[in-house]
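>>> how would this look folded up:
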Amino acid sequence: MITALKLVAQPVIAYAAGLALHLSAPQLLAVVVCAGLPTAQNTFIFGQEYGVGEAVANRAVVVTTTLSLATLAAAAALLG
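Residues are numbered from 1 along each chain as shown. This next block holds a predicted model:
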């Protein structure tokens, strides 16, 4: 669920916001690509530091990093 929200829903929302703001094609691509980047490893570090959600954060970082390759390639192909 977290992965789908991060890699699909967030770029779709960014795309809609970019269209609403009438961004140019390069700006829209930049916004969507930034929204589709994988979860930062800081989430795991914070989870580990505070002892909360370490396993979820670890899986989110690994899965989103792996799957973001396809997501980012699709965004580039559709908008580039």
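>>> ok, so what distance separates the residue of the chain most remote from its centre from Leu29?
In the chain, the greatest distance from the average C-alpha position (Cα atoms, centre = their mean) is reached by Gly51, at 24.3 Å. Computed as Cβ to Cβ, to the nearest Å, the Gly51 to Leu29 distance reads 39 Å. Where you see a C-beta, it was placed from the backbone N, CA and C, and this is true even at glycine.
>>> Mind jotting down where the helices sit in this protein?
Taking DSSP state H as the criterion, the chain carries its helices at 2-4, 10-20, 25-35, 42-50, 54-79.
>>> Give me the phi and psi angles of the most centrally placed residue in the chain.
Nearest to the mean C-alpha position of the chain, by Cα atoms, centre = their mean, lies Gly36 at 2.9 Å. For Gly36, the backbone dihedrals (degrees, to the nearest 10) come out as phi -90, psi 10.
>>> And for Gly53?
According to degrees, to the nearest 10, Gly53 has phi 70, psi 30.
>>> The least confident helix or strand in the chain by mean pLDDT - contacts with which helices or strands?
In the chain, the helix or strand scored least confidently by mean pLDDT, DSSP states H and E is helix 2-4, which has a mean of 85. Here helix 2-4 touches helix 54-79, going by 3 or more Cβ pairs under 8 Å, 6 or more residues apart in numbering; DSSP states H and E.
>>> could you check the angle helix 10-20 makes with the helix it packs on?
Counting by axes from the mean of the first three to the mean of the last three Cα atoms, to 10 degrees, helix 54-79 lies at 40 degrees to helix 10-20.
>>> coming back round to it: quick one: the residue farthest from the centre of the chain and Phe44, what's the gap?
Gly51 is 12 Å from Phe44, by Cβ to Cβ.
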